[in-house]
Each structure stands twice: as C-alpha cells, then as structure tokens.
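Chemist: dropping a prediction and its sequence here:
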Amino acid sequence: MPRTIVITGVTAGFGRATAALFIKEGWNVAGTGRRKERLDALSAEWGAAFLPLELDMRDKNAVSAALGHLPAPWAEPDVLVNNAGLALGLSTGQEADLDDWETMVDTNIKGLLYATRAVLPGMVARNRGHIVNLGSIAGTYPYRGGNVYGATKAFVKQFSLSLRTDLLGTAVRVTNIEPGLCESEFSLVRFKGDQARADKVYEGTCPLVPDDIAETVRWVTHLPAHVNINRLEVMPVCQASGPLSVVKAEKN
Ligand code: NDP
Ligand code: 8X3
C-alpha cells in the first residue's frame, strides 16, 4: 500500500524538493502553501498522488480543518514534515521590526503547533507515524540579527525533544533536522525581494541545496521502525560555527 506524507510549504525550497522525491518514490503527498499558482503547477506536474492545500500556516482554523480531516488516500499520514517557515530581516534586536518578529513567531512556532496538533492524535491512535521538523543551526548558534528567527528554531528543537518524551511508549517518531546555509528562496524572503542582497549570501560559497535536505528527510524516515534520529545538524562543508566574539575596549 502506498504510504502518505504531509509536507507544509511545498511551493518552494526544501518542501518542494522533499515532495518531489517522495512522489517519485510512489508516496501520496499532501502539501500546503499560500501561492495557488504554484500549487496548481505542482498538481499538473505530480498528478493524482498530490493533494494541494492552499492555506496560510498562521490560520489556526484553516490548518486544523485541512490537516485534521484529510481525505482518502491521504487521511492517515505516516509522516508530517513541518517545513513551512521563514526569516524576516537581519536587524539587531534593538532595531528590528516588531511585525517581522510576530510573523516569524506565528509561522515558525504557531503554524508548526497547529499542524502537529492536527495530525499527531491520529498517529498515536494508529501507533504509527513520524513528525519531522525543520529546525535550523540558528536554533543553536546565535548570529547577529538572527534574534527572533533563531529563537523560533530553538523552540522547534526543544519542542521536538519534548514531544519525544510525551510519545515514549508509542511507536511515533520525532526528528528535528537542523540545516545550515542552503540556497532556496529563504534569503529572498528574508530580504523582502531584494535579489542582489539574497545572491550575496551564497556568493563564493558551495551551499547545501534543497535536494540535500529532501535526502535527509528520506533517510530519517526510511530507517528501521525502532530507530529515532532525535536531532540532525547538516551544514555545507564551507560552513562551521565561529568563535565567541569579544569587543576590546580602547585604553584611555
Ligand atoms: P523557502 O522560502 O524556499 O520555502 C518556504 C516555504 O514555506 C514555501 O513553500 C512557502 O510557501 C512556505 N511558507 C512560508 N510561510 C508560510 C505561511 N505563512 N503559510 C504557508 N506556507 C508558508 O525556504 P526553505 O525551503 O529554505 O525553508 C524551509 C524551512 O527550512 C523553513 O522553516 C526554514 O526556516 C528552514 N531552514 C532553511 C534554511 C536555509 O538556509 N534555506 C536553513 C535551515 C532551516 P508560500 O510562500 O507559497 O506560502
Ligand atoms: C537558516 C540558516 O544560518 O541563515 O536557518 O539562519 S541561517
């Protein structure tokens, strides 16, 4: 019997690459996004195995209705990938836009909670399932201007680890994938459509690509049922964590 995966944010980046890989492997894929024209194009490309769900992850009722009552053959998901998310801006905490902060909290934290709560009870009842969250290295290693974005991903990491303890005694698995620099629409969104600034982020680097993350999702979900990858940090070879910073005061 074909297996089923629900992926939030399939209209770009990791979500699209992951959906494409699982469609190729014969899974039924339900995928969310706000951009209808992209969902329509993906439907045309992927055919009947793909269920497009046009919704905003910040809309609790819409997420609960869509993911909590999926039609057959998507009704009993084996995997939920909580991928939809974004960073907005790179300003310091004292200068950042409060609306940007709220959007990140509402999408990266609350949207992920809505989706999880809609799908998890069914997984527990069936004693089968896997929640795969997209955290980030930003949830562990702070960088200047990453303030609330990093904090949302720290939430995702801790929530993932907490869920593991809640689910102890069931067969349901939880994994937090924590990627580093990866070229997608992420920076274009962060810099609000400024393509030149987004391109600068990747200039001269050999970043991860969305297919690398899709492969990672495939690996963690295809391991034997008794194996749970709790956290998985993935960076391109050209990236590493830096030293702590120190500002030295000038002597008078
Ligand atoms: P992209 O910008 O390429 O894709 C983001 C996806 O999320 C899109 O499909 C978008 O769909 C969807 N999305 C965003 N906001 C909403 C919303 N309110 N409602 C519904 N869907 C939404 O980003 P990536 O693929 O790079 O990122 C995916 C995840 O991985 C994010 O959680 C990100 O934080 C994380 N990540 C990214 C890294 C990177 O370097 N790229 C590294 C580490 C983690 P639409 O706009 O159509 O709604
Ligand atoms: C995205 C990776 O380092 O740009 O989560 O925050 S980073």
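Modeler: Ah, there it is. Ligands and ions are numbered 1, 2, ... in the order given.
Chemist: now the strands for the stretch 151-252 of the chain?
Modeler: Using DSSP state E, counting those that start in this stretch, the strands of the stretch 151-252 of the chain run over 173-179, 231-234.
Chemist: pick the most deeply packed of those.
Modeler: Most buried of the strands of the stretch 151-252 of the chain by mean neighbour count (mean count of other C-beta atoms under 10 Å) is strand 173-179; its value is a mean of 24. Every C-beta, even on glycine, is put in place using the N, C-alpha and C of the backbone.
Chemist: what packs against it?
Modeler: Counting by 3 or more C-beta pairs under 8 Å, 6 or more residues apart in numbering; DSSP states H and E, the packing neighbours recorded for strand 173-179 are strand 130-134, helix 147-166, helix 210-222, strand 231-234.
Chemist: so in that sheet, which strands flank the helix or strand containing residue 80, and in what orientation?
Modeler: When secondary structure is defined by DSSP states H and E, residue 80 falls within strand 79-82. In its sheet, strand 79-82 lies beside strand 4-7 (parallel), strand 130-134 (parallel), with partners assigned from DSSP bridges.
Chemist: out of the ones you listed, which is closest to residue 177?
Modeler: Between residue 177 and the strands paired with strand 79-82, the shortest separation by C-beta to C-beta is 5.8 Å, and it involves strand 130-134.
Chemist: still on that earlier bit, just send the helices and strands packed on strand 173-179 back as a markdown table, with mean pLDDT and distance to residue 175 too.
Modeler: As requested, the helices and strands packed on strand 173-179 are arranged in a markdown table below (pLDDT from 0 to 100; distance: least, C-beta to C-beta, whole Å):
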| stretch | mean pLDDT | distance to residue 175 |
| --- | --- | --- |
| strand 130-134 | 99 | 5 |
| helix 147-166 | 98 | 7 |
| helix 210-222 | 98 | 5 |
| strand 231-234 | 98 | 7 |
